[in-house]
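Asks: everything below, folded, please.
(chains A and B)
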Amino acid sequence: MTTTAIPTETKRVPAAAPKRRPKREREGAAWVFLSPWVLGAIVLTLLPMAVSLYLSFTDYDLFNPPKWVGLRNYVQMFTEDPRYWRSVVTTVTYVVIAVPLQLALALVVALALKGMKRGKAFYRSAFYAPSLLGASMSIALVWRAVFNDGGTVDNLLGTGGWVNKPGWSLLAVALLTVWQFGAPMVIFLAGLQQIPAELYEAAAVDGAGKWRQFLSVTVPMLSPVLFFNLVLQTIQAFQVFTPAFAVSAGKGGPADSTLVYTMYLYDRGFVASHMGYASAMAWVLLLVIGVVTAVLFRTSRSWVFYASEGDR
Amino acid sequence: MPRHRTTGFCASAAALALCAVLAGCGGSGESAGGGKVVLRYTWWGNPDRAERTEQAVALFEKQHPDVDVTTSFSGYDAYKQKLATQAAGGDAPDVMQLDYRQIDQYASGGVLLDLAKQKSVLRTSEIDQGLLATGRVDDVQYAIPQGRGTETVAYDVGTWKKSGVPLPGKSWTWSQWADTMRALAKKTGKPGATDPGQSEDAFEVWLRGQGKTLYTEDGGLGFTADDLTRWWTFTDKLRREGAVSPAEQTTQLDGSVENTPLGRGTSVTDANWDAPASGFLALVKGGVALAPMPSGEDGTPGQYFKPSMFVGVSANTAHPKEAAQLVDFLINDRQAAKILGASRGIPVNETIRAEIGPQLKDFDKTIADFQASLEGKLKDPPQAPPAGDNALQSTFQRDYDQVSYERMSPREAAENYITEAKAELRS
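Replies: Just a heads-up that it's a prediction; the model follows:
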């Protein structure tokens, strides 16, 4: 496994390094090597963020200079915009459907792969492929065709096109995300391989069956990895855009059923030219994701088990 | 590692980083392609318009060997989003097609060039003066109208004739239209029309037929929630009866003829603008003809002639003269007019209109005849819609989705729309 190879490599590097130079000079070199990243972070992330925070207190239509409006965007969002609240409900629904489904699938496949004797590398790559393809627009367009009137799903199930039914369209979007379970799967797989075999042997000696072993050994030992995946995927799910955009042909329809938060943000900013309002929405989203992540971390104390703690 | 090599490394790293920055800044406005002037020209439209525009552009390049025109086009919805982003980034195309709804915003935002400055190469003397004035904002000519258009009910001639329902005449009222759609649905087994409830344009025609307007002169709403409720109740009932398209079909509309029910072969008619209706020819086997939009119950016409689209030049263009030459060519060149026909509406250059008019053939002639049949009957067009209308057009369609999917009553959706419209127009 490549993962086990990395630590030995990092160990060798300091050993091979020549005698150390004064601290300040080493720091200078570090900054030089960091500079592409630091420059990128400042120019492409921090600066735009600062601008967007400023814009969120203005009325800005892209063409004319921004006009300061104080908290009006925020007030309008919370009190006068029914579509905003609909997009919030849609996004939460999406997160609640997509994240557990995706993690469950990733875990099941990782468990199956773990026990494989031959062809593991092939299947691992094969299951990972959708994650690489899924981000592309072309796949999302194919997805739309598959779930459209006269598409594959319509022909197989005779349900009509999901993308044109408000009750089903969000599920089609969620499935596109679930299908890209490769990244959490690889992480699960790595986590599974870290669990010492002795634990299973001991459990077997005590008379635990497969299911019992899964619940009492795998789940607690894997819980840090599970937690990591949960946080990461939740953050990503709140920001979902491409699948919803492509599957709904850029409209968030039908009847706003796939108008997730970032879609509505895009609509306000780029279709209706209210960049100030869109910026305010972006900041609210950032805060909400922050709060949700904090809550997840808080609850993690009661269910995530770190093996190192067990040793203490 | 010896010290001097580290310094050298630092310097080259810094140089590299600077190169990247400079590369990002350079290049804009420069002309590539072996010293030729390169112009970017963009428009929206159907494949027919694209083909003819490409031909016309090729002719322009032949006449101006030192100019290279790169073109791109898309459907209207995608076009207006892309253009807005480009314009905001100061990267608007040199020559761009614009809608009546965009002129005000783009002109006041400093995106467009004052075309009077290019008078020497851009002639406007032969353009209908009333029409030319629609391209002015605060007395500055920011854009030139490219054609005259009006709305129409485009219909599948073959299917309609087979149904045995009498063909549409020179005029009809909304209730006569509704009865006809019911009859067509009954005879053909498919809806008579695209559900007009989603269309702000159709709603405007209906409003004007009752002597009302979409917007007041000072840019406020010209109608009430009651008016909109009546309109959506009318179309909602027709949809429930199957006389107009079901929600699943209506929601797929995106401004292209391909995604209309008529274009898909699932309805008999579609209300559209006359020039883009030419796109139906390639999609509808039974042939396409044009009927007028329905009028008010007392015969008051709701439809009107308006500039179908404009062409403008970017204020940031590096080649204002060549860009103006291209505009002049598109509007005033006889050969170009022959190629373009009525693909952007009936030509605005009066000499060309008189000269080319009788020679128009195929669907161009259909459009010309249709417009001639309405000449003198229609009321004056409304003034250019306020900037917020650009966004309200899609809001209108979305709110109606809530009605056609039966998630809201016409009354609820109408009140929602009024709230949203007021917020939009206030800012």
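Asks: which secondary structure state is assigned to the single nearest residue of the stretch 51-200 of chain A relative to chain B?
Replies: Nearest residue of the stretch 51-200 of chain A to chain B, counting by C-beta to the nearest C-beta: residue A:63, 2.3 Å away. All C-beta spots, glycine's among them, are computed from the backbone N, C-alpha and C. Following DSSP: H, G, I helix; E, B strand; the rest coil, residue A:63 is assigned to coil.
Asks: that one against residue B:112, yeah?
Replies: No - Residue A:63 is beyond contact range of residue B:112, at 10.4 Å (criterion: C-beta atoms under 8 Å).
Asks: common neighbours of the two, please.
Replies: With contacts taken as C-beta atoms under 8 Å, 6 or more residues apart in numbering or on different chains, residue A:63 and residue B:112 have residue B:106 as neighbours in common.
Asks: so which of these two has more stuff around it?
Replies: More crowded of residue A:63 and residue B:112, by other C-beta atoms under 10 Å in any protein chain shown: residue B:112, with 26 against 17.
Asks: got the contact list for the spatially closest residue to the more buried one that is not a sequence neighbour?
Replies: Excluding the flanking residues, the one nearest residue B:112 by C-beta to C-beta, 6 or more residues apart in numbering or on different chains is residue B:142, at 4.2 Å. Listed by C-beta under 8 Å, 6+ apart, the contact partners of residue B:142 are B:103, B:106-107, B:112-115, B:135-136, B:312.
Asks: please tell me how far residue B:142 sits from residue A:179.
Replies: Separation of residue B:142 from residue A:179 (C-beta to C-beta, to the nearest Å) stands at 48 Å.
Asks: next SSE downstream of the host helix or strand of residue B:146?
Replies: Under the criterion of DSSP states H and E, residue B:146 resides in strand B:143-149. Counting by DSSP H and E, the next helix or strand C-terminal to strand B:143-149 is strand B:151-156.
Asks: hmm, who's touching that following strand?
Replies: B:168, B:177, B:193, B:201-202, B:205, B:262, B:268-274, B:277, B:280, B:284, B:286-294, B:303, B:370.
Asks: what about stretch B:338-350, average pLDDT?
Replies: The average pLDDT within stretch B:338-350 is 83.
Asks: what about that stretch, distance to the chain center?
Replies: The chain centroid and the centroid of stretch B:338-350 are separated by 15 Å under C-alpha atoms, centre = their mean, to the nearest Å.
Asks: now stretch A:53-67
Replies: That offset, for stretch A:53-67, works out to 30 Å (C-alpha atoms, centre = their mean).
Asks: quote the end-to-end distance of that stretch.
Replies: 14 Å (C-alpha to C-alpha, to the nearest Å).
Asks: just the element for residue 125, please.
Replies: You didn't pick a chain, so chain A it is. Assigned by DSSP H and E, residue A:125 belongs to helix A:120-134.
Asks: mean confidence (pLDDT) on that helix, please.
Replies: For helix A:120-134, the per-residue pLDDT averages 82.
Asks: all strands for chain B, in order.
Replies: B:37-44, B:67-74, B:95-98, B:136-137, B:140-141, B:143-149, B:151-156, B:269-273, B:288-291, B:306-313 (DSSP state E).
Asks: in contact with the residue of chain B found nearest chain A, which residues?
Replies: Nearest residue of chain B to chain A: residue B:109, at 2.3 Å (C-beta to the nearest C-beta). Residue B:109 sits next to A:61-64, B:87 when contact means C-beta under 8 Å, 6+ apart.
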